[in-house]
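**Q** After the sequence you'll find the predicted model.
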Amino acid sequence: MDTVSVNKFRDDLKSFVEQVVTQHEPIKVTLRTGEDFVVVSADDWEREQETLYVLQNSDLMKQISASMVSHLNENGYQPTAEEVDEITGI
């Protein structure tokens, strides 16, 4: 994550915002008081919130774990050829 001073951020606000949105990389902005804040795109913020929700939901994590076990043991659901064609044909 790049770090910039609040003065540089203010001077180049538009370019920093475009950088955050297009490169999906947050920027840490430092204040003279020693405190910092982070600029992140709305899409990236929403993705991170969804990830945190899943990680904090024990039922979902149990389902993911069980799914991984069945996948690794190759005893999970096997789609038919038609189902695979439908999925991959999108």
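**A** Right, received. Where do you want to start?

**Q** Which secondary structure state is assigned to residue 4?
**A** strand (DSSP: H, G, I helix; E, B strand; the rest coil).

**Q** Surely it and residue 20 touch.
**A** No. Taking contacts as C-beta atoms under 8 Å, residue 4 lies outside contact range of residue 20: 11.2 Å. (C-beta placed from N, C-alpha, C; glycine too.)

**Q** higher neighbour count, these two?
**A** Legend: neighbour count by other C-beta atoms under 10 Å for residue 4 and residue 20, higher for residue 20 (19 against 16).

**Q** Got the phi and psi for that one?
**A** Main-chain dihedrals, residue 20, degrees, to the nearest 10: phi -60, psi -40.

**Q** buried stuff in the helix or strand harbouring residue 7?
**A** Element membership for residue 7 (DSSP states H and E) is helix 6-11. For helix 6-11, the neighbour count (16 or more other C-beta atoms under 10 Å) marks residue 9 as buried.

**Q** so what secondary structure elements neighbour that helix?
**A** strand 27-30 (3 or more C-beta pairs under 8 Å, 6 or more residues apart in numbering; DSSP states H and E).

**Q** Pull the CA coordinates from the strand it packs on and hand them back as PDB.
**A** Backbone C-alpha positions of strand 27-30 (Å, rounded to 0.1, in the frame of the first residue of the first chain) are rendered in PDB as follows:
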ATOM      1  CA  ILE A  27      -3.700   4.400  -0.400                       C
ATOM      2  CA  LYS A  28      -2.700   5.300   3.100                       C
ATOM      3  CA  VAL A  29      -2.800   9.100   3.800                       C
ATOM      4  CA  THR A  30      -0.800  10.400   6.700                       C
END
